[in-house]
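Novice: model this:
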Amino acid sequence: MSILELFISPVMLGAVGITLLIVGGLLLLIAAASFRLVTQTKKYVIERLGGYSTTWGVGIHFLVPILDRVVSQVSLKEQVKDFDPQPVITKDNVTMQIDTVVFFSITDPKAYTYGTANPMLAIEKISATTLRNIIGDLDLDETLTSRDLINTKMRMILDEATDPWGIKVNRVEVKNILPPKDIRDSMEKQMRAEREKRQNILIAEGQKRAEILKAEGEAEAVILRANAVKQQKILEAEGEASAIYKLKEAEALGIKLIKDTKPDHAVLTIKAYEALALVANGQSTKLVVPTNITDLASSVMMAAEFAKDEKVAKTVAKK
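Specialist: Modelled structure (predicted):
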């Protein structure tokens, strides 16, 4: 059997066919595995034969086997890095521990991939040195009250330093500022004294206000009582005046009625007796009766004179 006959034999043909099928299947698997799906928030940095080739965005891409490779997958989301506390020395030589939080995002995947070997370590070191420089220009009190200033300066310096690496520093926050224990104790004592001072001031102001309100209430009550007494007396005087006025009106009306009836001598005599009876009904112990009892005016005058004498007698007796 010749060699040609051997190659075209049915057994050989079957082996070749199986090999081709296996190779074809492997090629299909490799081709299928070479497709990459890039999501919305990621970027793929691709190298071809060891050099930068392109950057893939969102979509399906084909990676040429053997020639191309994915160097890095970069997330475009904002990232947060919480660094450990850093020892810093203030302008007045106080050592404190300060830890910061950096919020950043990657804007250039190529620069981020090739800019530095360890971007996170680089940011941490720059953050620490920047923080020391800033705190070195501030004393203790300024450090404790200048968080916004520290945050702003750190963000500006870090953003400028990391820009060649394709990193955008969005903001920096000083999370904790921890002074030494003796200073913390002094600050706590100062704060406690300040709180006690404010407490005493508030108590004193409250007592002062209470005394003022009490005095105002008493003054108002006295004024109200005086006004009430005054109003009472006015009303009583007005009542008495009104009663006297009504009485005089009644007497005048009675006299007018008597005058209108034109009384005779007998009626006048009776009235004179009635008047004399009223005079005699007083507290005097002496009574003078006129000879002409019909003279009413004379009787009244005598009664008045008698009352006058009685008053003089009482005055002498008192003396």
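Novice: How many residues are close by the nearest residue to residue 89 once chain neighbours are set aside?
Specialist: Closest residue to residue 89 in three dimensions, ignoring its sequence neighbours and counting by CB to CB, 6 or more residues apart in numbering: residue 95, at 5.4 Å. For every residue, glycine as well, the C-beta is placed using N, CA and C. Per other CB atoms under 10 Å, the neighbour tally for residue 95 reads 11.
Novice: My read is that residue 95 contacts residue 87, right?
Specialist: Yes - with contacts counted by CB atoms under 8 Å, residue 95 reaches residue 87, the gap being 5.9 Å.
Novice: quick one, helices of this structure?
Specialist: Per DSSP state H, the chain carries helices over the ranges 3-7, 10-33, 109-115, 119-136, 140-145, 147-162, 181-261, 265-280, 296-318.
Novice: Quick one: residues contacting residue 96.
Specialist: Shown here is residue 96, whose contacts under the criterion CB atoms under 8 Å, 6 or more residues apart in numbering are 87, 88, 89, 90, 135, 140, 143, 177, 178, 179, 180.
Novice: In the beta-sheet assignment, what are the partners of the second one?
Specialist: Read that as residue 88. When bridges are assigned using DSSP bridges, the partners listed for residue 88 are residue 96.
Novice: That one: neighbouring residues, count only.
Specialist: Taking other CB under 10 Å as the criterion, the count of residues near residue 88 is 20.
Novice: same check, this time on the first one
Specialist: In terms of burial, residue 87 registers 12 neighbours under the definition other CB under 10 Å.
Novice: just residue 126 next, same as before
Specialist: When neighbours are counted by other CB under 10 Å, residue 126 registers 18.
Novice: And for the one 3 residues further on?
Specialist: Counted with other CB under 10 Å, residues neighbouring residue 129 total 13.
Novice: Dig out what residue 178 forms beta bridges with.
Specialist: Using DSSP bridges, the beta-bridge partners of residue 178 come out as residue 97.
Novice: how close does residue 95 sit to residue 146?
Specialist: Separation of residue 95 from residue 146 (CB to CB, to the nearest Å) stands at 18 Å.
Novice: which regions of the stretch 1-150 of the chain sit below the pLDDT cut-off?
Specialist: Low-confidence segments of the stretch 1-150 of the chain, defined by pLDDT under 70, are located at 1-9, 11.
Novice: Let me have the contacts of residue 96 in JSON lines, adding distance to residue 269 as columns.
Specialist: Supplementary listing: those in JSON lines, determined by distance: CB to CB, whole Å:
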{"residue": "87", "distance to residue 269": "132"}
{"residue": "88", "distance to residue 269": "129"}
{"residue": "89", "distance to residue 269": "130"}
{"residue": "90", "distance to residue 269": "124"}
{"residue": "135", "distance to residue 269": "126"}
{"residue": "140", "distance to residue 269": "120"}
{"residue": "143", "distance to residue 269": "121"}
{"residue": "177", "distance to residue 269": "120"}
{"residue": "178", "distance to residue 269": "123"}
{"residue": "179", "distance to residue 269": "120"}
{"residue": "180", "distance to residue 269": "124"}
